[in-house]
Each structure stands twice: as structure tokens, then as C-alpha cells.
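Student: Provide a 3D model corresponding to the input given below.
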Amino acid sequence: LLERKFLSGNIDKHQKDAEACDIADSIKTPLKILLVGELSHNPDRILALKDAGCDLFGLWVEKPLWSNIGPIAGITDISLTEWQSEIKKIKPDIIYGLLNYMSVPLAHEVLMNTKEIPFVWHFKEGPYVCQYRNLWDKLMDLYTLSDGQIYINEECQAWFEQYISCPNRETSFILDGDLPSGKYLNNNFCSKLSKTDGEIHILNSGRLVGLSLRDINYLCQQKIHIHSYGSNSPLVHCAQQANPTYFHVHGYCSPKDWVTEYSQYDAGLSHCFLSKNYNELVRTSWDDLNIPAKMNTFAIAGLPMIQRNNSGHIVATQRIADTFDCNISFSTLEELVETLRNTKRMAELTHHIMKERELFVFDTYVPALMDFFKAVSYTHL
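Tutor: Numbers count the residues shown, from 1 in each chain. Below is the predicted model:
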């Protein structure tokens, strides 16, 4: 999930790492960071930088499409109309541009008008949207003219490098953009519903992706309960109408209640799409490259993740889940049901994800991210 890149040069790797650490230590702390754009899902995660001693300022897009950008207590917002003069007063150590396609115009404008300040670009979702919204040139500027680049996974990094001449991996960092705050990583687990009624209970959070009504009906016929949170889509409505005993619709679950509420289930439904890229990077879709925010939620609650088997294709979520052996990968619904009923295998998968929960929260990566910011600041000098 995390890859750290520092300074370039024809010197021994160990010497390079040592020098990078010395340089990082020499940059003043706490860092003064200007956030530009929007924070998308789990926006309160960014306060972990403040907890680490950083001063945070926010320059937000006027009309975000989802989630919350602020105001967030602990971040000083600056004016969208007077930002140039305010930046001169603040004198940030680093400008951190993020996160989705609607941030591209504002981030690009700031980048082009603050050349004297180190700029790090972190992009999560929307490369294909940028293509048809006439934002591609600005997006490429953000990658090629910024001092540091953060990719959400190695698949995305490789995809963008198809379009970037001479990519500089020495100033890149890998970090998912929607990681939740570590304050929700508690141990308030509850007992499984399956231990009470002997039937399987699986979680859907947000959109139901990759399952048809027929698929849902089949699972319910196999006495597998599906608990859907935070979605009132037509598919969810129809599934509940068709399966009132086994398809359960719930409201919004607050992050503070994720562990308590979601840990009662046996597994979580990730995006169950079928990939068609045949290991060719140029053919990948956004589903192939993306890390849905729900994946981190499932990990915090200690739930194995259900996905279709996309072996032979480039799929970021499958690689990550397979790495930790917490993946219920299925080619047919019959295979999925068989795995869900295999109590020994399910216990193994649950144990594996429970061991790795900390890797799915933002706080874990804050020290390395701050070191990266410091190294970028040095290279900008």
C-alpha cells in the first residue's frame, strides 16, 4: 500500500536513504501545509497531520460533488477570491493539491502561480472524466510540473506513466486518497450474527456494484443475508421487495460505529465487477485501477472482502486483498456460497485482515508522508 521515493542521483541506495533522512530532519517542523482542492471521503483523516504538529490551511473548490471539504475544526480556510495575497502572508512550506477531478482547475491555477512554493499533487479519481471534460492538459501539467506526485496504488502510477515523458519516480509516493482516520480503529467488536442464527450475513456499504437482481435473489435463496447501508438505489429497493427476509436495508452508519456495527457480519461486498483488460495496462478501466473507500471500512471492521475472481487481469483491489489473503474471490455464485459456508477458511480470512487493520488508516502513513513532504521541499530549493 505504501512506497516511499526520495532523491535521485548516482549514489549507493543506502547512502541515498541516509542522506534523505538527514535532509528530512533538517527541514523545519512543524510543517505549514496548504491544502488545495477537496478531501472527498473520510475528510477528517487530514487532522492526523495537525496531530503530528503541522499547521493546516485550506483553499477549497467552490462546488465539490461529494463528501465534505470543510469547515473542519483545526484547519484555517483561506479565501477563494483572495488566495494569492493570503498565501503570501501564510508562506506555506508545502502546497498539497488533492483529490478528485473537480480539483484539477483550482490546483492547476495555484500550481502555475506559486512556482516558489513546493507543490505535491495527489490524485484519486477521475482520469477518464478529465479526458472528456477537457481537463487532461491541466492534469498532465499537475503531474509533470509539480515537485512531488502521490498515486493511490502502483497500478495507477503505471497507468499515468504511459502519458508522462520521463516520469520521475524519485519524487513519487503511493498512498490511497480515501483512507479513514485512525481514531475509528477501535476494538469495539461485537459477536457475529451467524453465531446466533447459523446463517451467513454479509455487508454492503454504499453502491452495489457488479451484482444483478438475479444474483442477489440467488444468494438470498441460499439463506445468505445481505445487509445494505447508505444506499436507496432502485436495485436496493427491488432487492428488498423481492427478499424481505434476507435483504435488509439500513441507514447511514457513522465511522465511529463502523467496528461495532459492521463486525457483526461475516464479510463485505466490494465492487464485484468483471475485468476485461487481459493484463494490458492500456485497456484498464477505472474499476480496475480504483480502490473503493469501502475497502478500508471493511478492513477496520475486520471483514474479508468479496470480489469476483479477476485472475489474468490488472485489478488493484484484488492484488491488495490477495496480498493479505483476506479476499473471497469467486468465479461463480455457487463458489462464493461454498466459501462463505466454509467456517475454517472464513476464520483464516478474518484472522488475516484483523492483523493488517492498521494498514488501512491514514495515521499509519503520516510519518512517512511528512518525510516525503520534507524531501520534496529540499529538492525544490
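
Student: Tell me where this protein is predicted with low confidence.
Tutor: 1-29, 65-71 (pLDDT under 70).

Student: residue ranges of the strands in it, please?
Tutor: For the chain, applying DSSP state E gives strands covering 3-4, 32-37, 55-60, 75-77, 94-98, 119-122, 148-151, 172-174, 200-205, 224-229, 247-250, 267-269, 305-308, 327-330.

Student: how about those strands, which one is nearest residue 157?
Tutor: Distances from residue 157 to each of these were compared using Cβ to Cβ; the shortest belongs to strand 148-151, at 4.0 Å. Every residue, glycine included, has its C-beta placed from N, CA and C.

Student: Tell me the helices and strands packed up against the closest one.
Tutor: For strand 148-151, the elements it packs on are strand 119-122, strand 172-174, helix 366-380, judged by 3 or more Cβ pairs under 8 Å, 6 or more residues apart in numbering; DSSP states H and E.

Student: Residue 34 is nearest to which of the ones you listed?
Tutor: Among the helices and strands packed on strand 148-151, strand 119-122 sits nearest to residue 34 (Cβ to Cβ), with 9.5 Å.

Student: Show me the one of the strands of the chain that comes nearest residue 44.
Tutor: Of the strands of the chain, nearest to residue 44 by Cβ to Cβ is strand 75-77, at 10.1 Å.

Student: Name every strand pairing with the closest one and say which way it goes.
Tutor: Using DSSP bridges, strand 75-77 pairs in its sheet with strand 55-60 (parallel).

Student: and the angle for the partner strand with strand 32-37?
Tutor: Between strand 55-60 and strand 32-37, the angle comes out at 20 degrees (axes from the mean of the first three to the mean of the last three Cα atoms, to 10 degrees).

Student: what residues does strand 55-60 touch?
Tutor: Strand 55-60 is contacted from outside by 30-38, 46-47, 49-50, 69-70, 72, 74-78, 80, 83, 90, 92, 106, 110, using Cβ atoms under 8 Å, 6 or more residues apart in numbering.

Student: For the residue nearest to residue 59 when sequence neighbours are not counted, list each beta-bridge partner.
Tutor: Closest residue to residue 59 apart from its sequence neighbours, by Cβ to Cβ, 6 or more residues apart in numbering: residue 36 at 4.8 Å. Beta-bridge pairing for residue 36 (DSSP bridges): residue 59, residue 97.

Student: quick revisit: can I have the buried ones of the contacts of strand 55-60 as a ChimeraX selection?
Tutor: Remark: buried members of those, expressed as a ChimeraX selection using 16 or more other Cβ atoms under 10 Å:
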select :31,33,34,35,36,37,38,46,47,49,50,69,72,75,77,78,83,90,92,106,110
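
Student: Nearest to residue 231, out of the helices and strands packed on strand 148-151?
Tutor: Taking Cβ to Cβ as the criterion, residue 231 comes closest to strand 119-122 out of the helices and strands packed on strand 148-151, the separation being 27.3 Å.

Student: now the residue nearest to residue 59: how far from residue 204?
Tutor: 34 Å (Cβ to Cβ, to the nearest Å).

Student: Residue 318 now?
Tutor: Distance from residue 318 to residue 204, counting by Cβ to Cβ: 18 Å.

Student: Looking at these two, which is more packed in?
Tutor: Using other Cβ atoms under 10 Å, the more surrounded residue of residue 318 and residue 204 is residue 204, with 27 against 21.

Student: Could you give the bridge partners of the more buried one?
Tutor: residue 228.

Student: Would you enumerate the residues in contact with it?
Tutor: By Cβ under 8 Å, 6+ apart, the residues touching residue 204 are 226, 227, 228, 229, 231, 268, 269.

Student: Got the phi and psi for the nearest residue to residue 64 once chain neighbours are set aside?
Tutor: Leaving aside its sequence neighbours, residue 64 sits nearest to residue 38 (Cβ to Cβ, 6+ apart; 4.5 Å). Backbone torsions for residue 38, taken as degrees, to the nearest 10, come to phi -160, psi 160.

Student: Residue 38 contacts residue 103, correct?
Tutor: Yes: Residue 38 is in contact with residue 103 according to Cβ atoms under 8 Å; the separation is 5.5 Å.

Student: Quick check: neighbours shared by the two?
Tutor: residue 61.

Student: Ends of stretch 263-279, what's the gap?
Tutor: For stretch 263-279, the first-to-last residue distance is 35 Å (Cα to Cα, to the nearest Å).
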